[in-house]
Every structure is written in C-alpha cells, then in structure tokens.
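Novice: I need the structure of the sequence given here:
(one chain, ligands or ions: 1)
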Amino acid sequence: MQAGVAEPTAPVGSVPYLQALVDALVDLSSRDPLTGLANRRSFELALAREIDRVARSGEPALLLVLDIDHFKRVNDTWGHGAGDGVIRAVAGVLNECVRPMDLVARTGGEEYAIVLPNCAPAFGEAVAERIRRRVEALPIQVAPGERISATVSIGGAFAPQWVRSSAHLWLERADQQLYRAKGRGRNLVCLEPTAVSLVSSEERRMLFETSQFLDFE
Ligand SMILES: Nc1nc2c(ncn2[C@@H]2O[C@H](COP(=O)(O)OP(=O)(O)OP(=O)(O)O)[C@@H](O)[C@H]2O)c(=O)[nH]1
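Specialist: I've put the predicted structure just below:
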C-alpha cells in the first residue's frame, strides 16, 4: 500500500476492510500531501456546495484567500526544504484559527483558501486580522538555530446572499482583494466592502435570466 494510508485492521477482503480502504483512498485524494489540508479539488467542491447553500438559506459566508509574502526569498535564502517547512507551519496556524465547520485548503504553492460558512459580515475583518497576526507572530525554524517569521496577504469576499452566483465568480472577487492587499504593501487584509452591494453584472444576469424572474424585467 502507498505511504500515508494505514492498512485497515479488519480481515483482508472483508466488507469492513474494503470500506476502510475506500474511506482511506477518498481521504487521500482530497488532501494536500505536504500540509494535510484540503487540496484544490476538495476546496472547489466545498466552494460550490457553500454557494448553493448561501443562495438557498441567505446565510452569510466568507471566502478568504491567502498568499505568503515574498515566499520566493525564503526558498532562495534557505532552500526548498525550508520553504516547505514554512508552508507547513503557516498551514498549522490557519487550522488553529478557524472553527471546525470552516474548510482550510492549500490551493497552490504558497496559497491557501478558507471557506467560512455562516460568518456574519461584522466578524469577517476580525477573523482575517486574527489569522494575519497569528501568522506574523509565529517563529518558524528554517535551519538549526535560525528562525524567521512569515507574513501573509489576505483577500476576502462574502458570497452574495440571495443571489445566484458561481464558485468561480466568488473566488475571483476574493482574488481581486488579495491583489489589492499585495499592491498596498503586503501583510494586510483587504475584504470586499459589503456582502450584497457589489453584485457583478454577470451575477445580475444569472439572477434575471432565469425564467421565474423574466416578468420583472
Ligand atoms: N518550497 C516550496 N516552494 C514552492 C512550492 N510551490 C511553489 N513554490 C515557490 O513559491 C514561490 C512563489 O513566488 P512568487 O509567486 O514570485 O511570489 P512571492 O515571492 O511570494 O511574492 P509575492 O506573492 O508577490 O509576495 C516560487 O519561487 C515557487 O517556486 C512548494 O510546494 N514548496
């Protein structure tokens, strides 16, 4: 069996054995091997599920996208192995900062995303700031006797409530805020100002092009 999947303890070939095997493989295929976080694929599935839920329930949900600042310098100065250690350490902080219902994913090299269901707009900034500060405060060992601190830039957007949208548009909005945070100097949080006022023309089209709304146009 591949490294990372424990052999089931049930008798080989039994139903519990096969079920445990399937469960382990599903888990393996949804996780990033370096950090143990959800991988890009399971993040995209979770995002699509969440946007459906928001459209049905009207509950607010926040998407945060994070990127380690000047990460290339870490690799260049301390080597790729140390860079991997920084990616793992930041992942650990993110996991500690969120509620069990939130999903933390590694979406790319030094990029992460967090889906926070049922997160009221008034708390969004506080949650993101707490994450930013915790990462900044963590000493990370990159070589014997050498510790550095990493910082992250964070962008965020709320799913538009009561409006049909797509995971792709939601992610695009959060990404725009991340670019703002990077452009404004890094180690910053930028959230889209309000949950519902910034409905894009594409989302308006998705809303009004369904037959149930045609009478109102
Ligand atoms: N150690 C390590 N490095 C990675 C991994 N994936 C991507 N990288 C490196 O991450 C670096 C990302 O660099 P850039 O995209 O230039 O970003 P940056 O240096 O963080 O700069 P800003 O994002 O603008 O603050 C590149 O050098 C990649 O080679 C990985 O899994 N492990």
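Novice: and the residue nearest to Trp78 when sequence neighbours are not counted, backbone torsions?
Specialist: In space, and not counting its chain neighbours, Trp78 is closest to Val142: 4.2 Å by CB to CB, 6 or more residues apart in numbering. Quick note: C-beta positions are derived from backbone N, CA and C, even for glycine. In this entry, Val142 is assigned phi and psi values of phi -110, psi -10 (degrees, to the nearest 10).
Novice: Measure how buried Val142 is and give me the count.
Specialist: 20 (other CB atoms under 10 Å).
Novice: dump the residue contacts of it.
Specialist: 74, 78, 82, 85-86, 148 (CB atoms under 8 Å, 6 or more residues apart in numbering).
Novice: how about a cut-off of 10 Å?
Specialist: Contact analysis of Val142 by CB atoms under 10 Å, 6 or more residues apart in numbering lists 74, 77-79, 81-83, 85-86, 89, 148, 150.
Novice: could those be laid out in JSON lines, adding pLDDT?
Specialist: As requested, the contacts of Val142 are exported to JSON lines (pLDDT from 0 to 100):
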{"residue": "Val74", "pLDDT": "97"}
{"residue": "Thr77", "pLDDT": "97"}
{"residue": "Trp78", "pLDDT": "97"}
{"residue": "Gly79", "pLDDT": "97"}
{"residue": "Gly81", "pLDDT": "97"}
{"residue": "Ala82", "pLDDT": "98"}
{"residue": "Gly83", "pLDDT": "98"}
{"residue": "Gly85", "pLDDT": "98"}
{"residue": "Val86", "pLDDT": "98"}
{"residue": "Ala89", "pLDDT": "98"}
{"residue": "Ile148", "pLDDT": "97"}
{"residue": "Ala150", "pLDDT": "98"}
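Novice: For those residues, which PyMOL command selects only the ones that are buried?
Specialist: Those of the contacts of Val142 that count as buried under 16 or more other CB atoms under 10 Å are selected in PyMOL with:
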select buried, resi 74+78+82+83+85+86+89+148+150
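Novice: restrict the contacts of Val142 to contacts with the ligand.
Specialist: Residues of these in contact with the ligand (CB under 6 Å from any ligand atom): Gly83.
Novice: and which of the contacts of Val142 is nearest to the ligand?
Specialist: Relative to the ligand, the closest of those is Gly83; by CB to the nearest ligand atom it sits at 2.7 Å.
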